[in-house]
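[1] what's the 3D shape of this:
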Amino acid sequence: MHRLFPLLAVSVALSAFSARADFPATIAGTDVVGGKPASVSISSALRATVVAFLSAVCPCSGSHEAELESLRAKYEAEGFRFIGVHANQDEAPAPTAAHFKSSPIRFPIVEDAGAKLADAVGALKTPHVYVVKPDGEILYQGGVDDSHQASAAQKHFLADALAAIASGRRPDVAQARTLGCVISRR
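    As a prediction, this is how the structure comes out:
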């Protein structure tokens, strides 16, 4: 029984992360591509903000970049903002900037130094997405879909959540499993 205790402690700690009910009002750091200070607020003028924790080297994260950009293009005019967050502490700045500069993503990506935001909201893997109301309430969190490869997905959790919110409803699924690479912390 004593061998199971560390696993139980980790499970309890991780469930505490996922129970967080609100999101910080501002995401601040360095623009991953431009290298300049960046600050993006969860604005009251928006319907919701999609915050996506991403990696420059994780295959699962990479396979979802086109889908995230497609959703941004579809929903931006309906009052949704998309923000990327790069929290992986083991990914060097220059290759990370080069990756995101050549990726299909056209929304800002902010460096989360020390993975402080990831820790605060409980982001564990990439891609891990949050759909956040202007008051900070998290309407959806989890994976973009149900597959490591976007092209193989059967369930499209983020797309379904955005469609529900755009039509004035709460998402049917508020939390889904996040697949991908673990966000590395030092």
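[2] which stretches of the chain have low pLDDT?
    Counting by pLDDT under 70, the chain shows low-confidence ranges at 1-21.
[3] most centrally placed residue in the chain?
    Note on the chain: the residue nearest the mean C-alpha position is Ala52, at 2.3 Å, using CA atoms, centre = their mean.
[4] wait, it sits on Phe82?
    Yes: if you go by CB atoms under 8 Å, Ala52 and Phe82 touch, sitting 6.9 Å apart. For glycine as for every other residue, the C-beta is placed from the backbone atoms N, C-alpha and C.
[5] what do the two both touch?
    Common contacts of Ala52 and Phe82, defined by CB atoms under 8 Å, 6 or more residues apart in numbering, comprise Leu68.
[6] so where do the helices sit in this structure?
    Shown for the chain, the helices assigned by DSSP state H span residues 5-18, 59-63, 65-75, 93-102, 116-121, 157-166.
[7] alpha carbons of the shortest one, as PDB, please.
    Same thing as helix 59-63. The C-alpha coordinates for helix 59-63 follow below in PDB (Å, rounded to 0.1, in the frame of the first residue of the first chain):
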ATOM      1  CA  PRO A  59       4.600  16.100 -32.800                       C
ATOM      2  CA  CYS A  60       1.100  16.200 -31.300                       C
ATOM      3  CA  SER A  61       1.300  20.000 -30.800                       C
ATOM      4  CA  GLY A  62       2.600  20.400 -34.300                       C
ATOM      5  CA  SER A  63      -0.100  18.300 -35.900                       C
END
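[8] quick one: contacts of that helix?
    54-55, 103, 125-127, 148-151, 179-181.
[9] hmm, 6 Å instead?
    For helix 59-63, the external contacting residues (CB atoms under 6 Å, 6 or more residues apart in numbering) are Leu54, Ser55, Thr126, Pro127, His148, Gln149, Ala150, Leu179, Gly180.
[10] same thing with stretch 150-161?
    With contact meaning CB under 6 Å, 6+ apart, stretch 150-161 is reached by 63-64, 67, 129, 131, 140, 142, 144-147, 171, 173, 176.
[11] give the buried residues for it.
    Using 16 or more other CB atoms under 10 Å as the test for burial, stretch 150-161 gives Ala150, Ala153, His156, Phe157, Leu158, Ala159, Asp160, Ala161.
[12] how many residues are close by Asp31?
    Residues lying near Asp31 (other CB atoms under 10 Å) number 17.
[13] against Val50, how distant is it?
    Distance of Asp31 to Val50, computed by CB to CB, to the nearest Å: 18 Å.
[14] shouldn't Tyr130 be in contact with Tyr140?
    No: counting by CB atoms under 6 Å, Tyr130 stays clear of Tyr140, with 7.1 Å between them.
[15] could you work out the end-to-end span of stretch 123-143 for me?
    With CA to CA, to the nearest Å as the measure, the ends of stretch 123-143 fall 11 Å from one another.
[16] give the buried residues for it.
    Quick answer for stretch 123-143 (16+ other CB under 10 Å): 123-134, 138-143.
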